[in-house]
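Q: got a structure for you, letters missing:
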């Protein structure tokens, strides 16, 4: 029985690294440009949406790699993530601009970038270009790195702090 639920239809966008690598190779063979970005996406907000929409305009396929729950806890502390990796993946996969979502367990996406070999690596403008994980790798095979402007006043940490103050 087929389900017409929009939530369930997003599952096809959530892929393991192995499956995603195969799909990306096929897309690049057809001449499609692959754009990659990553993050915790702990509480998805308007700033994330804006960056994802801008990133999509840089190529044909947008891949979003999210930190696993364990990775977020290591990076952000024991009170995080707010939303589980499954919830975060489902939310991101629901966006029309996102073609695929994958989860990585390391503290950085270096291994994921190495496997996928995107044409464009995207991060927010708050990142110093020299500190962007995977920059040397992507530029080394002829890809490029794009730093996109942030939406002023939008940050997950600030949103979480505001919520905690209200409690």
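A: On my side now, so go ahead. Note that the structure is a prediction, hence the values are computed from the model and not measured.

Q: so residue 102 touches residue 13, yeah?
A: No. Look at residue 102 against residue 13 with C-beta atoms under 8 Å: they stay out of range, at 9.7 Å. Using the backbone N, CA and C atoms, a C-beta is placed for each residue, glycine as well.

Q: what's the spacing between stretch 139-153 and its chain's center?
A: Offset of stretch 139-153 from its chain centre (C-alpha atoms, centre = their mean, to the nearest Å): 13 Å.

Q: So which residues make contact with that stretch?
A: 46-47, 50-51, 54-55, 58, 117-127, 129, 132, 135, 138 (C-beta atoms under 8 Å, 6 or more residues apart in numbering).

Q: Now do the helices in this structure.
A: Assigned by DSSP state H, the chain shows helices spanning 6-9, 17-29, 46-56, 69-76, 85-93, 110-116, 135-140, 156-166.

Q: got a pLDDT number for residue 126?
A: At residue 126, the model reports a pLDDT of 80.

Q: Please tell me how far it sits from residue 27.
A: 29 Å (C-beta to C-beta, to the nearest Å).

Q: which of those two has more neighbours?
A: residue 27 (19 against 9; other C-beta atoms under 10 Å).

Q: Identify the residue nearest that one in space, chain neighbours excluded?
A: Counting by C-beta to C-beta, 6 or more residues apart in numbering, residue 61 is the residue found nearest to residue 27 once chain neighbours are left out, at 5.6 Å.

Q: What are the neighbouring residues in contact with the one you found?
A: Per C-beta under 8 Å, 6+ apart, neighbours of residue 61: 24, 27, 32-35, 99-100.
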